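Asker: give me the fold of what follows.
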Amino acid sequence: MIRKAALIALPLVLAACNVERDPGNDTTSITVNDQRIEGAVDGVGNALEDAGREVRDAADRAAPAVQDAARDVGNAADRAGDTIEAGAEGAARGVREESRDNTPPANNQ
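Answerer: The predicted structure follows:
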C-alpha cells in the first residue's frame, strides 16, 4: 500500500517542483508549488471517483444478467429433479407391477 501511495505521490511532488541552477554561485535551489500539488491531488481524486463510478455502473449492468443466470440454473435444477423423480416413480411402478404379475413360488420346505 505504501509503495502504491509513493508511486502516486512522487510524480505529484516532482511536477510541483521548480529547480533553478545558478552557475555563478554554483548553487541549485528547489521550490515546491503547493497549488500544483493540490491541483494534481484533486485530479487524481476525480479520476478515482470516476473509476469507482464506472465500476459501480458495470456492476449494476451485470446484476440482471447474473440474476437471470441464477434463475435459469434454478429452473434447470428443478426440471432435472422432476425428471429424476418421474423416472424413479416409473421404475417403482414397474417393479410393483412385475412383482404382482409374477408371484414367487411357494416355499415348500
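Asker: CA only for contacts and neighbour counts going forward, please
Answerer: Fine.
Asker: quick check, central residue of the chain?
Answerer: A59 (8.2 Å; C-alpha atoms, centre = their mean).
Asker: helix or strand: which one has it?
Answerer: helix 34-101 (DSSP states H and E).
Asker: so which elements touch that helix?
Answerer: When contacts are defined as 3 or more C-alpha pairs under 8 Å, 6 or more residues apart in numbering; DSSP states H and E, helix 34-101 packs onto helix 2-15.
Asker: report the rounded mean pLDDT for the helix it packs on.
Answerer: Averaging pLDDT along helix 2-15 gives 64.
Asker: buried set for whichever helix or strand comes after that helix?
Answerer: Using DSSP H and E, the helix or strand that follows helix 2-15 in sequence is strand 17-22. Neighbour counts using 16 or more other C-alpha atoms under 10 Å place C17 of strand 17-22 among the buried residues.
Asker: so what touches the next helix or strand after strand 17-22?
Answerer: Sequence-wise, the next helix or strand downstream of strand 17-22 (DSSP H and E) is strand 27-32. Strand 27-32 has contacts (C-alpha atoms under 8 Å, 6 or more residues apart in numbering) with 13, 16-22.
Asker: appreciated, that's everything.
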